[in-house]
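Chemist: I would like the atomic coordinates for the input below:
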Amino acid sequence: MDKSTTKVLVVEDESKLARFMELELEHEGYKVIIAEDGKEAIDKYFSEGPDIILLDLMLPQLNGIEVCRRIRKESADVPIIMITAKGETMDKIAGLDSGADDYMTKPFAVEELFARIRAALRRRTDKAEDNSNILTLKNLTIDLARHTVKFDNNDIELTKREFELLVYLVQNKNIVISREQILNKVWGYDYIGETNVVDVYIRYLRTKIDDKYGVKLLHTIRGVGYFAKDED
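Modeler: Predicted coordinates:
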């Protein structure tokens, strides 16, 4: 992705830090949009269509968690990096649960910020460029067109909901996805039922894949969510 056309929305109410980030990002070649509170962040997201969002946790009007949740209802793919001054584990978990892709703790080195931005944009580009109907996760192959799943050459029988859950996890492999995100995507926003349904279906998939073939593809981050692991 060309930096000169890449729009970065910086949501930060500390004017000095916002200006510092703006200057550094512009020097790096990015186009920068500034929002100083949560409400303005939502407005700028819809009016400017940024390619990535750097989102402070503590904001006037709407906090970063609520901003992230509202944006995620409209877009699953725009990268969001949550920035917190506290560095507490619960803040990081809350950020990831609300849909953030990554988080950084103040103070941070600008070189690390650039690296996180590049990684997030690269993941988004990789997804956009993969127009294939075939998804893979190590020895697992999912054919979206034929609605089939194989481990090596062995067919795996899945229900429609199990298939949709597996596809969502593999499409976002190596990214932790919260139960709320999974419910919204796989079961729908209007789902009314037991909230542990995600845990139940994860167990179904593990029985049919991990346990049966002696692998560890589906992972749990306690208190955060689940992810499909494609890395050694």
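
Chemist: For the most centrally placed residue in the chain, give me its contacts.
Modeler: Nearest residue to the geometric centre of the chain (CA atoms, centre = their mean): residue 101, 3.8 Å. Applying CB atoms under 8 Å, 6 or more residues apart in numbering, we find residue 101 in contact with 79, 80, 81, 120, 123, 175. From N, CA and C alone the C-beta is placed, and that goes for glycine too.

Chemist: Please flag which of those sit within helices.
Modeler: 120, 123 (DSSP state H).

Chemist: Pipe the contacts of residue 101 into a markdown table and attach distance to residue 204 per row.
Modeler: Shown next, in a markdown table, are the contacts of residue 101 (distance: CB to CB, whole Å):
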| residue | distance to residue 204 |
| --- | --- |
| 79 | 30 |
| 80 | 30 |
| 81 | 33 |
| 120 | 31 |
| 123 | 28 |
| 175 | 21 |
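
Chemist: can you count the residues close to residue 126?
Modeler: Residues contacting residue 126 under the criterion other CB atoms under 10 Å number 9.

Chemist: Make 19 the starting number, not 1.
Modeler: Let's use 19 as the start, then, which means that last one is residue 144.

Chemist: what residue ranges in this protein are flagged as low confidence?
Modeler: Scanning the chain for pLDDT under 70 picks out the ranges 19-20, 22, 94, 104-109, 145-150, 207-213, 249-250.

Chemist: Where do the domain boundaries of the chain fall?
Modeler: Using automatic domain parsing, the domain parsing of the chain gives 21-147, 152-246.

Chemist: Tell me which of those is the most buried.
Modeler: Among the domains of the chain, domain 21-147 has the highest mean neighbour count (mean count of other CB atoms under 10 Å), at a mean of 17.

Chemist: Return the distance of it from the chain's centre.
Modeler: Averaging C-alpha positions (CA atoms, centre = their mean, to the nearest Å) puts domain 21-147 12 Å from its chain's average.

Chemist: show me where this protein has strands.
Modeler: Counting by DSSP state E, the chain has strands at residues 25-29, 49-53, 70-74, 98-102, 120-123, 152-155, 158-161, 166-169, 172-173, 236-239, 243-246.

Chemist: any chance of the ones you listed in JSON lines, plus distance to residue 184?
Modeler: Formatted as JSON lines, the strands of the chain follow (distance: least, CB to CB, whole Å):
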{"stretch": "strand 25-29", "distance to residue 184": "32"}
{"stretch": "strand 49-53", "distance to residue 184": "37"}
{"stretch": "strand 70-74", "distance to residue 184": "28"}
{"stretch": "strand 98-102", "distance to residue 184": "24"}
{"stretch": "strand 120-123", "distance to residue 184": "24"}
{"stretch": "strand 152-155", "distance to residue 184": "9"}
{"stretch": "strand 158-161", "distance to residue 184": "7"}
{"stretch": "strand 166-169", "distance to residue 184": "7"}
{"stretch": "strand 172-173", "distance to residue 184": "14"}
{"stretch": "strand 236-239", "distance to residue 184": "9"}
{"stretch": "strand 243-246", "distance to residue 184": "8"}
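
Chemist: do you know which of the ones you listed lies nearest residue 206?
Modeler: strand 243-246 (17.8 Å; CB to CB).

Chemist: Now do the closest one: which elements does it pack against?
Modeler: helix 178-189, helix 197-200, strand 236-239 (3 or more CB pairs under 8 Å, 6 or more residues apart in numbering; DSSP states H and E).

Chemist: Would you mind measuring from the nearest residue to residue 54 once chain neighbours are set aside to residue 70?
Modeler: Using CB to CB, 6 or more residues apart in numbering and skipping the chain neighbours, the partner closest in space to residue 54 is residue 31 (5.2 Å). Plainly put, residue 31 is 19 Å away from residue 70 if you go by CB to CB, to the nearest Å.
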